[in-house]
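>>> I'll drop the sequence and a predicted model, then ask my questions.
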Amino acid sequence: MSEPGFGVYVHWPFCAAKCPYCDFNSHVRHMGWDEPRFLAAFRREIAHMAGLAPGRTVSSIFIGGGTPSLMLPETVAGILDAIGGCWSVDQGVEVTLEANPTSVEADRFRGYRAAGVNRVSLGVQSLQPDDLARLGRLHTVDEALSAVALAQSIFPRISFDLIYARPGQTPEAWREELGRAIAYGTEHLSLYQLTIEEGTPYYEMHRAGKIRTPDQATARALWDATQETCEAAGLPAYEISNHARAGAESRHNLVYWRYGEYAGVGPGAHGRLVVDGVRRELATERNPELWASAVEADGSGLVMDAGLSQEAQGDEFLVMGLRLKEGIDLARFHRLSGRRIDERRIDDLVMDGMVERLGRDRLRVTPEGFPVLDAVVADLAS
Ligand code: SF4
């Protein structure tokens, strides 16, 4: 398997409106924000992280959010310059920016490309007008499709996201919608089941019985429809929710799933850095203005910087690696965690068809096991 590489994640925290299902660290500021101030803070925190993890070669950069496509292209260019000034950057670096497909943001695509972005991930979410409105999205289906076409003409690589298992969605309707999406041509698709997260308006509506998510059997049929449709189109899953043509996988997300090293910059960003031989867990202040003030005072907005125990590293490695179709290296699990997975547990899960061995040292979850991945991971980790 390839080395995970070293990634830099940059979190842009603002959105034009808050979607009712969203529990990401995203904030609405009707009076706008001080973009030069945030760029200066990004620069300082990038320098701080490079001080903790010097000498790395950056293989991927991911600017996520929030809605990074609300940023001016000059801000994106400033962030990328700062990264290039603090670390060496691999010649083939993947630079992804998340974008919402409204026409306003699409107008900025050329500027992002000139700044060095070579991959966009578009939050299309649905090709059904009613569902887009229910999801609180600000774009129309036509705008989304125009943005996809424009992005394809500007960026070497694009991905788009769709949400399924939406209230009332049938497997037949989803097959048709997904097929239509694939027909627009993409090398990478992120397909997430709608989840009801505590603290969101959807959570309250769900509790009040105002929205109903599919029952277990329908959710399973939607999952099967997803796998069959994508495989038939040459976009098999390489991770539980991500599908790609061979070679078009998200290199940045593979850093996480292969348990590599990455710096997290910006409000509420997380990182995993190896400092003096110890793998550390880092996280920054979530509130954007408090984060910027902390960076101005101390050089970073870190609110967490602690060494991870071997047990925690083992658990994280399982949680991340078993999402991948390529599975995990059992010898690396042993090196990280200092323990071995109980062979009898593995044998039981093999017998149940939930996992399979690939040679002596690799283990992966089967297509039957993926719909119950959390239970499989819990079983192996215990
Ligand atoms: S655009 Fe994305 S990050 Fe912003 S509120 Fe909606 S789902 Fe959350």
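Right, received. Where do you want to start? Residues are numbered from 1 along each chain as shown.
>>> CA atoms for contacts and neighbours, from now on please.
Will do.
>>> distance between the lengthiest strand in the chain and the chain's centre?
Across the chain, the longest stretch assigned as strand under DSSP state E is strand 88-99. Here the centre of strand 88-99 is set off from its chain's centre by 15 Å, with Cα atoms, centre = their mean, to the nearest Å.
>>> From the contact counts, what lies against the helix or strand following that strand?
Downstream of strand 88-99, the next assigned helix or strand under DSSP states H and E is helix 103-106. Judged by 3 or more Cα pairs under 8 Å, 6 or more residues apart in numbering; DSSP states H and E, helix 103-106 is in contact with helix 141-154.
>>> can you do 6 Å?
Of the remaining helices and strands, none touches helix 103-106 by 3 or more Cα pairs under 6 Å, 6 or more residues apart in numbering; DSSP states H and E.
>>> Spit out the contact partners of residue 343.
Applying Cα atoms under 6 Å, 6 or more residues apart in numbering, we find residue 343 in contact with no residue.
>>> separation between it and the ligand?
41 Å (Cα to the nearest ligand atom, to the nearest Å).
>>> tell me the domain boundaries of the chain?
Following the TED database, one gets these domains for the chain: 6-256, 311-381.
>>> Would you reformat those as a markdown table and include mean pLDDT?
A markdown table is the format used below for the domains of the chain (pLDDT from 0 to 100):
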| stretch | mean pLDDT |
| --- | --- |
| domain 6-256 | 94 |
| domain 311-381 | 95 |
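>>> Switch these over to TSV; also include distance to residue 276.
Putting the domains of the chain into TSV (distance: least, Cα to Cα, whole Å) gives the following:
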stretch	distance to residue 276
domain 6-256	9
domain 311-381	15
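>>> Can you tell me the element the residue positioned nearest the centre of the chain falls in?
By Cα atoms, centre = their mean, the chain has its centre lying nearest to residue 253, at 6.2 Å. In the assignment (DSSP H and E), residue 253 maps to helix 251-257.
>>> In space, what's closest to the residue in the stretch 251-382 of the chain that the ligand sits nearest to - neighbours in sequence excluded?
Per Cα to the nearest ligand atom, residue 268 is where the stretch 251-382 of the chain lies closest to the ligand, at 12.5 Å. In space, and not counting its chain neighbours, residue 268 is closest to residue 286: 3.9 Å by Cα to Cα, 6 or more residues apart in numbering.
>>> Residue 65 now?
In space, residue 65 is closest to residue 12, 4.7 Å off (Cα to Cα, 6+ apart).
>>> mind checking how far the one you found is from residue 348?
44 Å (Cα to Cα, to the nearest Å).
>>> quick one, which of the domains of the chain is nearest to residue 302?
domain 6-256 (9.2 Å; Cα to Cα).
>>> Just the element for the residue lying farthest from the centre of the chain, please.
The outermost residue of the chain relative to its centre, with distances by Cα atoms, centre = their mean, is residue 344 at 33.4 Å. Under the criterion of DSSP H and E, residue 344 resides in helix 343-351.
>>> which parts of this protein sit against the ligand?
15, 17-19, 22, 24, 26, 65-67 (Cα under 6 Å from any ligand atom).
>>> okay if I get these as CSV plus neighbour count?
Below are the residues of the chain next to the ligand laid out as CSV (neighbours: other Cα atoms under 10 Å):
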residue, neighbour count
15, 20
17, 16
18, 20
19, 19
22, 20
24, 12
26, 23
65, 25
66, 24
67, 23
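>>> can you map out the helices along the stretch 201-350 of the chain?
Remark: helices assigned in the stretch 201-350 of the chain by DSSP state H, counting those that start in this stretch are 201-207, 216-232, 251-257, 288-298, 310-321, 330-337, 343-351.
>>> Which of the ones you listed sits closest to residue 42?
Here helix 288-298 is closest among the helices of the stretch 201-350 of the chain (Cα to Cα), at 8.4 Å.
>>> which parts of that closest one are buried?
288, 291-296 (16 or more other Cα atoms under 10 Å).
>>> Export only the CA atoms of that helix, formatted as CSV.
Provided in CSV are the C-alpha atoms of helix 288-298 (Å, rounded to 0.1, in the frame of the first residue of the first chain):
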residue,chain,number,x,y,z
PRO,A,288,-14.0,32.0,14.4
GLU,A,289,-13.4,35.3,16.1
LEU,A,290,-12.1,33.7,19.4
TRP,A,291,-9.8,31.6,17.2
ALA,A,292,-8.4,34.6,15.4
SER,A,293,-7.8,36.5,18.7
ALA,A,294,-6.0,33.5,20.1
VAL,A,295,-3.8,33.2,17.0
GLU,A,296,-3.1,37.0,17.2
ALA,A,297,-2.0,36.6,20.9
ASP,A,298,-0.3,33.2,20.9
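>>> The longest strand of the chain to helix 141-154, inter-axis angle?
160 degrees (axes from the mean of the first three to the mean of the last three Cα atoms, to 10 degrees).
>>> Now the stretch 201-350 of the chain against the ligand: closest residue?
For the stretch 201-350 of the chain, Cα to the nearest ligand atom, closest residue to the ligand: residue 201, 11.5 Å.
>>> Does that residue touch residue 20 like I think?
Yes. Residue 201 lies in contact with residue 20 (Cα atoms under 6 Å); the separation is 5.1 Å.
>>> does residue 124 sit in a helix, a strand or a coil?
strand (DSSP: H, G, I helix; E, B strand; the rest coil).
>>> which ones are touching it?
So residue 124 contacts 144, 161-162 (Cα under 6 Å, 6+ apart).
>>> again, only this time at 10 Å
Residue 124 is in contact with 99-102, 132, 137, 139-141, 143-145, 147-148, 159-163, 181, counting by Cα atoms under 10 Å, 6 or more residues apart in numbering.
>>> Likewise for residue 87?
Here residue 87 is in contact with 46-47, 50-51, 53-58 (Cα under 10 Å, 6+ apart).
>>> which one of those sits closest to the ligand?
Distances from the ligand to those, taken by Cα to the nearest ligand atom, are shortest for residue 46, at 22.0 Å.
>>> Now for that closest one, how many residues are close by?
The tally of other residues near residue 46 (other Cα atoms under 10 Å) stands at 27.
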